[in-house]
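**Q** Provided below for reference: sequence and predicted model.
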Amino acid sequence: MDITDAVFVYQMRHTDELRWHGRTHCHGGAQYEIHYFLGGDGTFENGETRYDIKAGMLFISSPTTIHTIKATADDPVTYYAILIRIGPEEQLLHHMLEEKERHVPYRIGTNYRFFFEEIREKGLSSVLDRRQSACHQLFSLLFQLDTDFLQNGTRDSDSHHLERALRMMQKNVMGTLTLSDLSKDLKLTNSYFIRLFEKRMHQTPMKYYMKLKIEAASALLSSTDLSVKEVAARLGFASEFHFSRQFKLKTGLAPSSYRSNYLQQLGTSEL
């Protein structure tokens, strides 16, 4: 088994985004897709059934199941999508996933935001051990979908703090947020919060927050006609220069070069 792609779609609102993520499609090659919705107004069609999207819903789509997300820009949909490939010798996993698909949607609640972020980070790693770790974590969750543990939503306190921090960062990606703001909300000291975050996310909180801003900037540059200065202002950067410097540091390209290379090229992902 292997994670072949993993994406986080934050507040899908732009026309090209809605068109791409709303396309009707299925995956071949023994690939299963897991969708975990965190919020927004829309529907998810899985096979012949249409479901209203509710925060905390999880869906499984088998290789031959046609599926699509229908949403509007009024209340943008936020979700994770994980694409996994199962080997022909892994029949137990094939049977498990096909059986689980018959019982979708699973209402697992919104406390798994951190869990899926960790799966995405590890699943896209160039280090084999980290990718395999992500696979085992994901299948552990899938195997437990009908157990009391999952229904009760039992989570350790550290994960609860991290999930809350991640939600705050995502909510404030179009603004400003300081380390002290996060620590104060979590009722933790700055030093303890940094250690906790680095232990689980392998980077500091503010580096991760900047990464979210750059991801949002990439979407704005690719799907809107906002100027670089307007994108910088919308994302809460102090100046266009600071934004351009951070963007190039993270992507290797200046914002204007990124737009030239990738404008209207949404949809390179397998998902």
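**A** Happy to help now that I have it. A quick note: this is a predicted structure, and the numbers were derived from the prediction, not measured.

**Q** now do Glu215: how many residues are near it, please.
**A** 15 (other C-beta atoms under 10 Å). Just so you know, the C-beta spots here come from the backbone N, C-alpha and C atoms, and that holds for glycine as well.

**Q** contacting residues for it?
**A** Applying C-beta atoms under 8 Å, 6 or more residues apart in numbering, one finds that Glu215 lies in contact with 8, 10.

**Q** at 10 Å what do you get?
**A** 8, 10, 173, 250-251 (C-beta atoms under 10 Å, 6 or more residues apart in numbering).

**Q** for the residues you listed, point out the one with the lowest pLDDT.
**A** The lowest pLDDT within the contacts of Glu215 belongs to Tyr10, which sits at 78.

**Q** mind checking how far the helix or strand encompassing that residue is from the chain centre?
**A** Counting by DSSP states H and E, the element that carries Tyr10 is strand 2-12. The gap between the average C-alpha position of strand 2-12 and the chain average comes to 5 Å, counting by C-alpha atoms, centre = their mean, to the nearest Å.

**Q** strands paired with that strand, and their directions?
**A** Paired neighbours of strand 2-12 in the sheet (DSSP bridges): strand 77-85 (antiparallel).

**Q** returning to that earlier point: could you dump the strand holding Tyr10 to PDB, C-alpha only?
**A** As requested, the backbone C-alpha atoms of strand 2-12 are provided in PDB (Å, rounded to 0.1, in the frame of the first residue of the first chain):
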ATOM      1  CA  ASP A   2       1.100   3.500  -0.700                       C
ATOM      2  CA  ILE A   3      -0.200   7.100  -0.400                       C
ATOM      3  CA  THR A   4       0.000   8.400  -4.000                       C
ATOM      4  CA  ASP A   5      -1.400  11.900  -3.300                       C
ATOM      5  CA  ALA A   6      -2.700  14.000  -0.400                       C
ATOM      6  CA  VAL A   7      -4.200  17.400  -0.600                       C
ATOM      7  CA  PHE A   8      -5.800  20.000   1.800                       C
ATOM      8  CA  VAL A   9      -8.300  22.200   0.100                       C
ATOM      9  CA  TYR A  10      -9.100  25.300   2.200                       C
ATOM     10  CA  GLN A  11     -12.300  27.200   1.600                       C
ATOM     11  CA  MET A  12     -12.800  26.200  -2.100                       C
END
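
**Q** quick one: what helix or strand has Leu221 in it?
**A** When the helices and strands are read off by DSSP H and E, the one containing Leu221 is helix 205-223.

**Q** so how far is stretch 185-204 off the chain centroid?
**A** 20 Å.

**Q** now that stretch: buried residues?
**A** 186, 188, 193-194, 196-197, 201 (16 or more other C-beta atoms under 10 Å).

**Q** could you tell me the end-to-end distance of it?
**A** Stretch 185-204 has an end-to-end distance of 17 Å (criterion: C-alpha to C-alpha, to the nearest Å).

**Q** turn the buried residues of stretch 185-204 into JSON lines, columns for distance to Thr178, pLDDT and secondary structure.
**A** As requested, the buried residues of stretch 185-204 are arranged in JSON lines below (distance: C-beta to C-beta, whole Å; pLDDT from 0 to 100; DSSP: H, G, I helix; E, B strand; the rest coil):
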{"residue": "Leu186", "distance to Thr178": "13", "pLDDT": "90", "secondary structure": "helix"}
{"residue": "Leu188", "distance to Thr178": "14", "pLDDT": "89", "secondary structure": "coil"}
{"residue": "Phe193", "distance to Thr178": "12", "pLDDT": "91", "secondary structure": "helix"}
{"residue": "Ile194", "distance to Thr178": "13", "pLDDT": "92", "secondary structure": "helix"}
{"residue": "Leu196", "distance to Thr178": "17", "pLDDT": "87", "secondary structure": "helix"}
{"residue": "Phe197", "distance to Thr178": "14", "pLDDT": "89", "secondary structure": "helix"}
{"residue": "Met201", "distance to Thr178": "18", "pLDDT": "77", "secondary structure": "helix"}
